[in-house]
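Asker: Return atomic coordinates for the entry below.
(one chain, ligands or ions: 1)
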Amino acid sequence: MPAQLASARYGKDNVRLYKVQRNSDQTQDVTEMTVCTLLEGDIAASWTHADNTNIVATDTQKQTIYVTAKLNPVNPPELFAAILGQHYIDTYPHITAAHVDIIVHRWARMEVDGKPHPHSFLRDGAETRTVQAVARRGEGISIRSGIKGLLVLKSTGSQFWGFHRDEYTRLPETWDRILSTEVEAGWHWKRFGSVEEVKKDQESFNKAWEDARRITLETFAKENSPSVQNTMYLMGEQILEAAPKVEAVEYSLPNKHYFEIDLSWFKGLKNTGEDAEVYAPQTDPNGLIQCTITRSNASPKL
Ligand SMILES: O=c1[nH]c(=O)c2[nH]c(=O)[nH]c2[nH]1
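Answerer: The predicted model follows:
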């Protein structure tokens, strides 16, 4: 059967990396990340003709990640991803694009005796900071930053009513419900021409991440939410305003349902509506609401 290789990329995934920074004041900073690099280019012969001449082994990519982390800052992760991606383009003429994905795991500094401890940290949640960078020959570096796994819940201050009703509809309208989601947010930066340009903007990456996190949490808490849809839009609008070099914001929010339980069968216990106190958290199915928010002069519009 005639066939062709329509696309191919390869690399090393789940490369775990830890780097310590020993400061002159005796404090230390630590970073732990999981890195994936995938390369594209003139590599098809490996698939189609068993010719590995142009294959930079995935083990070589792993070693490159370690060496690059030793020789360069790993913070902000956007800059590290850009340096790493550009390295492949600069080093191997037959590689046309390098995809670098980074997951930064949380190590929050411990408070001991009421003071930040110089070298002890704790994992304060499954939330991660993410970066996806692509260095493409002749096209510069594109970067998407994000937040993943930030689990939040509000016990009131959320509604859902006025939605379409037809013969399939069973869901009652509600003016007071539990709202819980695991935030996945991402923001796309205007394309950078070079690693130098990324370096010049390096302050904005941490600021955007802090702003996005704060905006997400504050909006979730403060708004009397009419829907996940509206809440995520308000978040995205504010992130665009806070980060001028961000072109688009994406949210993907599961709606993690908490069902009321009718306990009236037990001695007439009242546990629904205004009397609801004990709920059944659902693992599945969940709602899933997604959107991309861009500046109003951008195209295309929804
Ligand atoms: O915020 C919500 N958006 C929906 O689209 C939806 N659909 C649903 O059943 N519950 C909810 N909640």
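Asker: Work out for me the element residue 64 sits within.
Answerer: Using DSSP states H and E, residue 64 falls within helix 58-71.
Asker: Let me know the angle separating the helix or strand that that helix is followed by from helix 58-71.
Answerer: As assigned by DSSP H and E, the chain's next helix or strand after helix 58-71 is helix 77-91. When axes from the mean of the first three to the mean of the last three C-alpha atoms, to 10 degrees is applied, the directions of helix 77-91 and helix 58-71 differ by 120 degrees.
Asker: Off-centre distance for helix 77-91?
Answerer: The chain centroid and the centroid of helix 77-91 are separated by 19 Å under C-alpha atoms, centre = their mean, to the nearest Å.
Asker: now swap in stretch 41-51 and tell me
Answerer: Mean-position distance between stretch 41-51 and its chain equals 33 Å (C-alpha atoms, centre = their mean).
Asker: Touching, residue 92 and residue 56? I think so.
Answerer: Yes: between residue 92 and residue 56 there is a contact at 6.0 Å, judged by C-beta atoms under 8 Å. For glycine as for every other residue, the C-beta is placed from the backbone atoms N, C-alpha and C.
Asker: Which residues of the protein lie near the ligand?
Answerer: 160, 171, 227-229, 255, 287, 289 (C-beta under 6 Å from any ligand atom).
Asker: Can you tell me which of those are buried?
Answerer: Applying 16 or more other C-beta atoms under 10 Å to the residues of the chain next to the ligand, the neighbour count classes 160, 227-228, 255, 289 as buried.
Asker: Now flag whichever of the residues of the chain next to the ligand is closest to residue 217.
Answerer: residue 228 (15.2 Å; C-beta to C-beta).
Asker: Quick one: classify the residue nearest to residue 51 when sequence neighbours are not counted as helix, strand or coil.
Answerer: Excluding the flanking residues, the one nearest residue 51 by C-beta to C-beta, 6 or more residues apart in numbering is residue 45, at 3.9 Å. The three-state assignment at residue 45 reads helix, by DSSP: H, G, I helix; E, B strand; the rest coil.
Asker: Distance check, residue 45 against residue 91.
Answerer: Distance, residue 45 to residue 91, using C-beta to C-beta, to the nearest Å: 19 Å.
Asker: Where do the helices of the stretch 151-300 of the chain begin and end?
Answerer: Using DSSP state H, counting those that start in this stretch, the helices of the stretch 151-300 of the chain run over 195-200, 202-222, 228-242.
Asker: Tell me which residue lies farthest from the centre of this protein.
Answerer: Using C-alpha atoms, centre = their mean, the residue of the chain lying farthest from its centre is residue 267. It sits 47.9 Å away.
Asker: Distance of that residue relative to residue 255?
Answerer: For residue 267 relative to residue 255 (C-beta to C-beta), the value is 33 Å.
Asker: give me the beta-bridge partners of residue 279?
Answerer: For residue 279, the beta-bridge assignment (DSSP bridges) gives partners residue 260.
Asker: Verify the contact between it and residue 262 for me.
Answerer: No: Residue 279 lies out of contact with residue 262 (C-beta under 8 Å); the separation is 11.5 Å.
Asker: And the residue of the stretch 51-200 of the chain found nearest the ligand, how far from residue 106?
Answerer: Closest to the ligand within the stretch 51-200 of the chain is residue 160: 4.3 Å, counting by C-beta to the nearest ligand atom. Going from residue 160 to residue 106 by C-beta to C-beta gives 32 Å.
Asker: now do residue 74
Answerer: Distance of residue 74 to residue 106, given as C-beta to C-beta: 15 Å.
Asker: higher neighbour count, those two?
Answerer: residue 74 (23 against 15; other C-beta atoms under 10 Å).
Asker: neighbours of residue 12, just the number please.
Answerer: Residues lying near residue 12 (other C-beta under 10 Å) number 19.
Asker: OK, contacts around it?
Answerer: By C-beta atoms under 8 Å, 6 or more residues apart in numbering, the residues touching residue 12 are 35-37, 58-59, 61-62, 65.
Asker: of the residues you listed, buried ones?
Answerer: For the contacts of residue 12, a burial check counting by 16+ other C-beta under 10 Å picks out 35-37, 61-62, 65.
Asker: okay if I get the residues you listed as JSON lines plus distance to residue 272 and pLDDT?
Answerer: What follows is the buried ones among the contacts of residue 12, written out as JSON lines (distance: C-beta to C-beta, whole Å; pLDDT from 0 to 100):
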{"residue": "35", "distance to residue 272": "49", "pLDDT": "99"}
{"residue": "36", "distance to residue 272": "47", "pLDDT": "99"}
{"residue": "37", "distance to residue 272": "53", "pLDDT": "98"}
{"residue": "61", "distance to residue 272": "56", "pLDDT": "98"}
{"residue": "62", "distance to residue 272": "56", "pLDDT": "98"}
{"residue": "65", "distance to residue 272": "54", "pLDDT": "98"}
